[in-house]
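Undergrad: give me a model of this one.
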Amino acid sequence: MKRIYLDNAATTPIDASVISEMIDVMTNYYGNPSSIHAQGREVRTLIERARKTVSGLLNATPAEVFFTSGGTEADNTAIRCGIAAFNIKHAITSKIEHHAVEHTLNTLIKDGLIDKLSFVNVDAKGNVDLEHLEELLKNNERSFVSLMQANNELGTMTDMERIGDICEAYNAIYHCDTVQTMGHYKHDVRKLKAHFMVCAAHKLHGPKGVGFLFVNHTVKISPMIFGGAQERNMRGGTENVYGIVGLAKALEIAYAEMEEHQQTIQQLKDYMRHRLLSEVPDLFFNGETDADKSLYTILNVSFPAMDMADMLLFNLDIHGISASGGSACSSGSNIGSHVLTAIGADPNRPSIRFSFSKYNTKEEIDFVVEKVKQIVEQNVSA
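TA: All right, here's what the predicted structure looks like:
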């Protein structure tokens, strides 16, 4: 049975060109990049070339890009080290952020490293209330703001430029979790005004276990991981060279093919949305679905209340369809989605997140819709 993969917001298949580039590095370049001999210098050159590629695509400088083990480490570093660097005691976030942000901030307040944590209001579709954000900034001392660009479960987008302008007006430090959008939209860091942005390579057809943190040149932070002088003394530990090269290649491909993939994937998402609405009664979508308000790779579907609702995802899996019941990072937990809870979603209605990539086809969508229709009919009428 050929499986259909619609869980690309969790992780993506690696692009063949990325694999080829990584294999070449694994085969031919084995020196430690911190060594001063020829083999070490060769590998150091690969890392710095990758850094130059990434920074060039973002309109950043190489000195603003630090390679990490992924988005979670990058988020943790930005939050912990950013707050410490400016001795900030008030942080602002939302209740629909990724756990890499939410749990980190909750730990900081529990440990007394910040005095106050405010949550900006979000509406039933996951839109951030920017007027409330401004009110929170106006009525508190200098703040650290952490708001993601696109929600990883709903797909709802925030206006990064507008948030950057608001934060600048109130002298706030702005961290944006861009894990779901990096490589899917162009990011010009000179226009966006974020102090911190993050990337996880495996969300854009690169390898797992590698990412980067963008740190705006206007801010200086201390490292979170000690033990060596790597990453210009900002992150101790021997670099994941193969991963770093793969990340840069994946981002380079993503930028080169971005317009084409945006159009193709948006069409698949719209097609699935319309087919589901016509085939499955009492169905709607969590989060925004309009192209200008929603990440084109995510469609979160709210199904009618049914018997065996908790088996919906399992039944899809039996039919060879991979999707997610929420954030895949918490898929082993029996706790419901904190995002759906925060937007007031009906807990009796099962929700499935379908997320798309350049490798999906219209034929796959047709198959998925038919199977979804069968499963819902069998369980709702039972």
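
Undergrad: pLDDT weak spots in this protein?
TA: Applying pLDDT under 70 to the chain picks out residues 309, 326-335, 381-382.

Undergrad: what segments of the stretch 51-200 of the chain are strands?
TA: With DSSP state E, counting those that start in this stretch, the ranges of strands along the stretch 51-200 of the chain come out as 65-68, 90-93, 116-119, 143-146, 173-176, 196-200.

Undergrad: which among these is found nearest to V25?
TA: With CB to CB as the measure, strand 65-68 is the member of those nearest V25 (14.1 Å). Quick note: C-beta positions are derived from backbone N, CA and C, even for glycine.

Undergrad: run through who's touching the closest one.
TA: Contacting residues not belonging to strand 65-68 are listed as 47, 50-51, 54-55, 58, 74, 77, 198, 210-215, 231-232, 234-235, 239-240, 244, 247 [CB atoms under 8 Å, 6 or more residues apart in numbering].

Undergrad: one step back: to S355, which of the strands of the stretch 51-200 of the chain lies closest?
TA: That would be strand 196-200 among the strands of the stretch 51-200 of the chain, by CB to CB, at 14.1 Å.

Undergrad: partners of that closest one in the sheet?
TA: Sheet pairing of strand 196-200 (DSSP bridges) gives strand 173-176 (parallel), strand 211-215 (antiparallel).

Undergrad: output the strand or helix carrying E377 as PDB, restricted to C-alpha atoms.
TA: E377 belongs to helix 362-380 when elements are defined using DSSP states H and E. What follows is helix 362-380, C-alpha atoms only, in PDB (Å, rounded to 0.1, in the frame of the first residue of the first chain):
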ATOM      1  CA  LYS A 362      -4.300  16.200  -6.500                       C
ATOM      2  CA  GLU A 363      -4.900  12.400  -6.800                       C
ATOM      3  CA  GLU A 364      -3.700  12.000  -3.300                       C
ATOM      4  CA  ILE A 365      -6.100  14.600  -2.100                       C
ATOM      5  CA  ASP A 366      -9.000  12.800  -3.900                       C
ATOM      6  CA  PHE A 367      -8.100   9.600  -2.200                       C
ATOM      7  CA  VAL A 368      -7.900  11.200   1.300                       C
ATOM      8  CA  VAL A 369     -11.300  13.000   0.900                       C
ATOM      9  CA  GLU A 370     -13.000   9.800  -0.100                       C
ATOM     10  CA  LYS A 371     -11.600   7.900   2.800                       C
ATOM     11  CA  VAL A 372     -12.400  10.700   5.200                       C
ATOM     12  CA  LYS A 373     -16.000  10.700   3.900                       C
ATOM     13  CA  GLN A 374     -16.300   7.000   4.400                       C
ATOM     14  CA  ILE A 375     -14.900   7.100   8.000                       C
ATOM     15  CA  VAL A 376     -17.100  10.000   9.000                       C
ATOM     16  CA  GLU A 377     -20.300   8.400   7.500                       C
ATOM     17  CA  GLN A 378     -19.600   5.100   9.300                       C
ATOM     18  CA  ASN A 379     -19.000   6.700  12.700                       C
ATOM     19  CA  VAL A 380     -21.600   9.500  12.700                       C
END
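
Undergrad: wait, K186 sits on A254?
TA: No - distance between K186 and A254: 9.7 Å, which falls outside the contact criterion (CB atoms under 8 Å).

Undergrad: for the two, indicate the residue with more neighbours.
TA: Ranked by neighbour count (other CB atoms under 10 Å), K186 and A254 place A254 first, with 22 against 14.

Undergrad: now for the residue lying closest to that one once chain neighbours are set aside: which residues touch it?
TA: By the measure of CB to CB, 6 or more residues apart in numbering, the closest residue to A254 outside its immediate chain neighbours is G183, 3.6 Å from it. By CB under 8 Å, 6+ apart, the contact set of G183 is C199, K203, L204, H205, A250, L251, A254, Y255, M258.

Undergrad: the residue nearest to K116 when sequence neighbours are not counted and M148, how far apart?
TA: Leaving aside its sequence neighbours, K116 sits nearest to H90 (CB to CB, 6+ apart; 4.7 Å). From H90 across to M148, the span is 19 Å (CB to CB, to the nearest Å).

Undergrad: so for these two, which residue has more residues nearby?
TA: Comparing H90 with M148 by other CB under 10 Å, the one with more neighbours is M148, at 27 against 20.

Undergrad: not counting its neighbours along the chain, what's nearest the more buried one?
TA: In space, and not counting its chain neighbours, M148 is closest to D177: 3.9 Å by CB to CB, 6+ apart.
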